[in-house]
Structures are given as C-alpha cells and as structure tokens.
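Colleague: Dropping the sequence and predicted coords here.
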Amino acid sequence: MNRLKSHFRFSKNQRNGILLLIATIVTLQIIYYKVDFSKDPVLDINSPEIIALQTEIDSLKQIASNSKQREPRKFNPNFITEYSGYTLGMSPEEIDRLHEFRTKDQWINSVADFKRVTQVSDSLLDEISPRFQFPDWVTNPRHRTNNWNSGNEKSFAQKTDLNTATAEQLQEINGVGEVLSNRIINFRNRLNGFLIDEQLHDVYGLEYGVVKRILAEFTVKEKPEVVKININTASASDMATLPFISFNLAKEIVDYRLLREGIKDLEELKNIKGFPKQKIERFALYLTVD
C-alpha cells in the first residue's frame, strides 16, 4: 500500500507544472469554442482591384509573348533548294520539276507559274504562297511602249550596241528597272564587254522573256579584245578571275587536268562534277587548250 502511494507523491514544483498544464488546456478549449475562425481572409482575391491587376499582368504577358513570335521570312520561290523545299512540305518530284524548269533559264514570276511548274496541291500552295516575294519589276511593272512587239524587227545596224548602252536606255525595255539595268552594266564591266548576245542570259535575275526584249533593241557590235587563258597551264587563281568560274570549280578543273595529264578538248570539262554543261560555249570564249 505504501508503495502504491509513493507513485502519487509529487514535489511542489511538479504540482505547479501540472496545474499550469491544466490551465493551458482549459484556456485553449475556451478559445476554440468562443472564437469564430470562419471569417473571410484579409486579402480578397475576388475584389475588383485584384481582378484588374491580374488582367493587366495577363495583358503584359501576352504582349511579351507576341513580340517573341517572328513573322515568317519571305523568299523568292525561284531559289528554293532541296532542303528548303522539304521544310516547306514539297515532295521530291515537285522540287525536281522546279529545278528542271530553272535549268532552262526560265523564271517563275507569279503564284500561278509556281503552281503550273511544280504541280503542288492547292492546300500547300495556299499555305506557302503568302511568303513568296518576287522582284519589284514583277510586282510593280512599269508601263512602257512595247516596240519590241510591233512586228517590225530591227536590223543589226538599227540596234544599239549592247556594250555602250546606258542604264537609262536599258530601262526603256519592259521588265528592266533600275536594279536590273545596273546589274547588266556591272556584269558587262566584269567581262570587259560582252562577246556575244547570249551572255546576257548569265545576268542574275534576267528572265528569258526580258532578255529577248532587250536583244530586240540591242546587240553586241564592238567586241572587246580577249586573251584566252590556256586551261592546261593556268592556275586555279587565274581561271577564277573569270566571272563565271568559281575558285572551287577552278580547283576541280586543275585536279582533273593533273589526273589526266592535260585536257585535249574543252568538251572534257563536262565530265567534271558540278560543271555547268549548258554553258560550255561561254567557257570557249575565254579558255583554250593550246
């Protein structure tokens, strides 16, 4: 019995601690039952001020997002490569039709031309055609008198020398603006003068029909003196001075020459990979095997 009593004996400090614990429990119980914790929070997220602030933040986010979205880049469909054609959704056959058309020195000048040449589907055409960008002379042609179509073809004597024609004279031809006229003159200067009328086809951006109209009014009369380059002795750097021979092509010609111990006929150049076979006549104007 004495042992049982010993378990309920507490010191003074222990009794004070027990009383404090009981008082704390009772106090918390009273607070729990007396205080209403269901009141609205201090910050009302549905208030007009908060809604207006959130709307403004959303608007700023949208503006920032729109500024990051770039407008699709426009391009000239005449220069679609195999890779770019693939990314546009064109089939290999459609790309091949375009490239075959371009090898004939012909140009696509409208969406209808692109459809006719490539035979792409209407759905794909509607998707990519807004990104087409044609030269200014195609989209904003000048209205000129079409003397070239009058049925009275000029004789050689009546035509103006292509090697002395000014930019202003060239711009009188329908389809030739300031850009193309300057490009013709710059190309002529690089050649030191045209040797044959057909070299006009080598001017970048000149459509076949435009060349035909130019040659109805102009022709090569006074030809420059040309010292032909010996393809069997010239270095790659020498050959690359010609405007139609890149340095890489010149190196290919030199490598071909070394492997075969010389080139006997310019026609052999057609065996070189990447050589523009359709322009062999142009090469013959400036190169020789002797």
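Modeller: It's in.

Colleague: residue boundaries of the helices in the stretch 1-150 of the chain?
Modeller: Assigned helices in the stretch 1-150 of the chain, in chain order: 2-6, 12-34, 48-68, 82-88, 92-102, 111-118, 122-128, 136-139 (criterion: DSSP state H, counting those that start in this stretch).

Colleague: any chance you could map the helices in the stretch 151-290 of the chain?
Modeller: All helices of the stretch 151-290 of the chain, identified by DSSP H, counting those that start in this stretch, fall at 167-170, 178-191, 208-215, 236-239, 247-259, 280-284.

Colleague: Can you add distance to Asn16 and mean pLDDT and give those back as CSV?
Modeller: From N, CA and C alone the C-beta is placed, and that goes for glycine too. Formatted as CSV, the helices of the stretch 151-290 of the chain follow (distance: least, CB to CB, whole Å; pLDDT from 0 to 100):
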stretch, distance to Asn16, mean pLDDT
helix 167-170, 112, 94
helix 178-191, 103, 93
helix 208-215, 111, 92
helix 236-239, 107, 90
helix 247-259, 101, 90
helix 280-284, 115, 84
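
Colleague: can you tell me which of these comes nearest to Phe156?
Modeller: Of all the helices of the stretch 151-290 of the chain, it is helix 208-215 that lies closest to Phe156, at 11.2 Å by CB to CB.

Colleague: can you redo the helices of the stretch 151-290 of the chain as TSV with distance to Ala157?
Modeller: Converted to TSV, these look like this (distance: least, CB to CB, whole Å):
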stretch	distance to Ala157
helix 167-170	17
helix 178-191	21
helix 208-215	15
helix 236-239	37
helix 247-259	39
helix 280-284	26
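
Colleague: quick one: which of those is nearest Leu53?
Modeller: Closest to Leu53 of the helices of the stretch 151-290 of the chain, according to CB to CB: helix 178-191, at 53.7 Å.

Colleague: Name the residues of the closest one that are buried.
Modeller: If you call a residue buried by 16 or more other CB atoms under 10 Å, then helix 178-191 has these buried ones: Leu180, Ser181, Arg183, Ile184, Phe187, Arg188, Leu191.

Colleague: wait, isn't the first one in contact with Leu206?
Modeller: It refers to Leu180. Yes. Here Leu180 reaches Leu206: they are 6.5 Å apart, a contact under CB atoms under 8 Å.

Colleague: Quick check: neighbours shared by these two?
Modeller: Where contact means CB atoms under 8 Å, 6 or more residues apart in numbering, no residue is in contact with each of Leu180 and Leu206.

Colleague: thinking again about what came up before, can you say which of the helices of the stretch 1-150 of the chain is nearest to Phe75?
Modeller: helix 82-88 (7.6 Å).

Colleague: buried residues in that closest one?
Modeller: Residues Gly85, Leu88 are the ones in helix 82-88 that count as buried (16+ other CB under 10 Å).

Colleague: Perfect, that will be all.
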